[in-house]
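Student: Structure of the sequence below:
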Amino acid sequence: QVMVHIRINERKANPNPHINFISILPMVDSTLEDDAWKLMQVLSTQVKPIIKAHSFTVNNLEEYEYDRVFAGWN
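Tutor: Below you'll find the model as predicted:
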């Protein structure tokens, strides 16, 4: 596996070995936080073939707050 860093004592399985960390915004409701975490994991799984094909490595895949200025930019 190609990891950005070696992860020791990993608490959750990493769905994409090319992404080292996945972080979400802190939320008051834990169910929303779980949903956001699952969505980020699914997203990291979906981009795995693209990252692998281009030999990219991502240190941290982060969730950001909605911003109307950047909405829809690719």
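
Student: Now do the strands in the protein.
Tutor: 19-23, 58-62 (DSSP state E).

Student: Can you say which of those strands is packed in most?
Tutor: strand 19-23 (a mean of 17; mean count of other CB atoms under 10 Å). Just so you know, the C-beta spots here come from the backbone N, C-alpha and C atoms, and that holds for glycine as well.

Student: so that one versus strand 58-62, what angle?
Tutor: Our comparison of strand 19-23 with strand 58-62, counting by axes from the mean of the first three to the mean of the last three CA atoms, to 10 degrees, yields an angle of 20 degrees.

Student: what packs against strand 19-23?
Tutor: Other elements packing on strand 19-23 under the criterion 3 or more CB pairs under 8 Å, 6 or more residues apart in numbering; DSSP states H and E are helix 30-46, strand 58-62.

Student: Mind giving me the packing neighbours of the last one?
Tutor: Spelled out, that is strand 58-62. Using 3+ CB pairs under 8 Å, 6+ apart as the test, strand 58-62 ends up in contact with strand 19-23, helix 30-46.
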